[in-house]
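1. Fold the following, please.
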Amino acid sequence: MRPFIACLTATSLAAFAVPAVASAASADIAQSKVVSDNPVNNTPHVLDGTVRTIAVTGSLVVVGGNFTEVREAGSGKPTLKRNNLFAYDMGTGKISTTFVPKVDGTVHALQAGTGGWVYMAGTFKNVNGRKTGTVASIRATTNQVHTGFKPNVNYRVTTMVRRGLRLYIGGSFTQAGGKARTALARLDALTGAADTGFNFTITKPRSGTLKVYRLAVDPADSRMVINGTFTQVNGQSRHQIAMINTGSGAAKLSTWSTGRYATPCNLAAFDTYMRGMDFSPDGKYFVVVTTGGPYGTSQLCDSAARWEAGRTGSGQDPTWVNWTGGDTLLSTTVTGAAVYVGGHQRWLDNPYGRDHAGPGAVSRPGIGAINPQTGKALAWNPTRTLGHGVEALVAHPKGLLVGSDTDQLGREYHGRIGMFPLG
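-> Take a look at the predicted model:
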């Protein structure tokens, strides 16, 4: 364990300290069956903006995004002001009146620490009046900002995963943890310092700003995948996706590569068409979802694809692909029993549809589940109003948490957040 941080008391640091093991991110949650299609009734409502990220610490569900008003479920409940971040009790649905942070920008990513601490990342620069940069840590049980954690990230962070004492971040920044780091960094989870054994040269965006849009790390912290606008990593061709070996010692670029995401998929509209990613609970495979347009089966636009994590070498192909037929998938989480996908899709199993239901297409508006072995849609079909789509899918031992920009989920009113119980 690292030395105590002088600016914290021993008690508060002990609560903050994290063990050198994997943390409970989406990839760690194995479920033996598909969740219910009937959402629980007690989740609160976010009344404006978009829920972009969710993390669970103890009994508290911490919700981030860009919003200003929330309300508990039930009639006659008052509207509460919350600035882009709030928490509620998973069991009761009660919104925390202790955790009332003031965040001056969008929260794009959340990761649970221990003892009630939560890591947050986005476009904000100040939390509770303290200058933090775009990555910070806050205690959901007390509203305390962790002043000893100083990553000093200088620009937007869109994705983050914690694994023990390692905090991985991706975005469009150029400085992190006191070092020059472009778009990708690994930070010390206690101090925020950049890891000198993790430094990659990410270059040549296919369009727009150079960025890492999403990253996923397997539960054992042995490998990770990143996606974004880049086409090279460490001088090697890596079109919008790359795998990195993260185990012991210095992290290294894997030989794993694919050209399947090198095709255009509406280059004029999207700097990158890559969207959500998640590893399976056993770390053997990962799933990538995309936007991009209705371009048929020759490209991986508007699709979910399974990739085997243990393979190496160039020219990799997916194990299966499920196309929507022209609608965006934004997020995914893999539980072993299902691959859940969310976006503003109208259908799954629709390889021959181009903005219409082709042969074999099944209706799955806004949210759906795919069989991890076959790649075909499961029967689960709760539905939701489409909007822009589901930004957050988070598996939990008690179910599946969903965050979006609309207010109908499972044919019921659920303002921008809901939960399907495991039952």
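
2. where do the helices sit along this structure?
-> 10-16 (DSSP state H).

3. Pull out the buried residues from stretch 157-167.
-> By neighbour count on 16 or more other CB atoms under 10 Å, the buried set for stretch 157-167 is 157-163, 165-167. C-beta here means a position set from N, CA and C on the backbone, and glycine is covered the same way.

4. Count residues in the vicinity of residue 388, would you?
-> Per other CB atoms under 10 Å, the neighbour tally for residue 388 reads 13.

5. likewise residue 363?
-> Taking other CB under 10 Å as the criterion, the count of residues near residue 363 is 15.

6. And for residue 196?
-> 10.

7. pLDDT at the closest residue to it other than its chain neighbours, what is it?
-> Excluding its sequence neighbours, the residue lying closest to residue 196 (CB to CB, 6 or more residues apart in numbering) is residue 179, at 7.6 Å. In this model, residue 179 is scored at 98, pLDDT.

8. now, which of the buried residues of stretch 157-167 sits nearest residue 241?
-> residue 159 (13.3 Å; CB to CB).

9. could I have stretch 126-134 exported to PDB, CA atoms only?
-> Provided in PDB are the C-alpha atoms of stretch 126-134 (Å, rounded to 0.1, in the frame of the first residue of the first chain):
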ATOM      1  CA  ASN A 126     -14.500  22.800 -10.300                       C
ATOM      2  CA  VAL A 127     -16.200  20.700  -7.700                       C
ATOM      3  CA  ASN A 128     -17.800  22.300  -4.600                       C
ATOM      4  CA  GLY A 129     -15.800  25.400  -5.400                       C
ATOM      5  CA  ARG A 130     -12.500  23.600  -5.500                       C
ATOM      6  CA  LYS A 131     -10.400  23.700  -8.700                       C
ATOM      7  CA  THR A 132     -10.000  20.000  -9.700                       C
ATOM      8  CA  GLY A 133      -9.600  19.800 -13.400                       C
ATOM      9  CA  THR A 134     -11.600  17.200 -15.300                       C
END
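
10. who touches it?
-> Residues from elsewhere that reach stretch 126-134 (CB atoms under 8 Å, 6 or more residues apart in numbering): 101-105, 120-125, 136, 138, 143, 145, 147, 151-157, 171, 173.

11. Quick check: the gap between the residue nearest to residue 196 and residue 188.
-> The gap separating residue 179 from residue 188 is 11 Å, by CB to CB, to the nearest Å.

12. do residue 393 as well
-> 28 Å.

13. just residue 207 next, same as before
-> 33 Å.

14. These two - which one has more neighbours?
-> residue 188 (16 against 13).

15. Tell me who's in contact with that one.
-> Residue 188 sits in contact with 2, 165-167, 177, 194-195, where contact means CB under 8 Å, 6+ apart.

16. Low-confidence bits of the protein, can you list those?
-> Scanning the chain for pLDDT under 70 picks out the ranges 1-25.

17. rerun that using 90 as the cut-off
-> Along the chain, segments meeting pLDDT under 90 span 1-28, 248, 423.

18. Name the residue most distant from the centre of it?
-> In the chain, counting by CA atoms, centre = their mean, residue 76 sits farthest out from the average C-alpha position, at 33.3 Å.

19. Dihedrals phi and psi, that residue?
-> Per-residue torsions, residue 76: phi 80, psi 10 (degrees, to the nearest 10).

20. separation between it and residue 28?
-> Counting by CB to CB, the gap from residue 76 to residue 28 is 39 Å.

21. got it, and residue 176?
-> For residue 176, the distance to residue 28 - CB to CB - is 25 Å.

22. Neighbour count: those two, which is higher?
-> Taking neighbours as other CB under 10 Å, residue 176 and residue 28 compare with residue 176 leading, 29 against 16.

23. In contact with that one, which residues?
-> Here residue 176 is in contact with 135, 151-154, 169, 185, 187, 194 (criterion: CB under 8 Å, 6+ apart).

24. Show me what counts as buried in stretch 342-352.
-> Result for stretch 342-352 [16+ other CB under 10 Å]: buried residues 342-351.

25. oh sorry, the question was meant for stretch 171-178
-> Buried, per 16+ other CB under 10 Å, within stretch 171-178: 171-173, 175-177.

26. and those residues as TSV, adding distance to residue 229?
-> Listed next are the buried residues of stretch 171-178 as TSV, based on distance: CB to CB, whole Å:
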residue	distance to residue 229
171	11
172	9
173	14
175	19
176	18
177	22
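
27. for those residues, which one is nearest residue 364?
-> Set against residue 364, the nearest of the buried residues of stretch 171-178 by CB to CB is residue 171 (30.5 Å).

28. Quick check: that closest one vs residue 137, distance?
-> 17 Å.

29. Kindly report the same for residue 408.
-> 34 Å.

30. and if you look at residue 119?
-> 5 Å.

31. do residue 420 as well
-> In terms of CB to CB, residue 420 sits 29 Å off from residue 137.

32. Please apply the same query to residue 52.
-> For residue 52, the distance to residue 137 - CB to CB - is 18 Å.

33. hang on, the earlier thing: give me the neighbour count for the residue nearest to residue 196.
-> Other residues close to residue 179 by other CB under 10 Å number 15.
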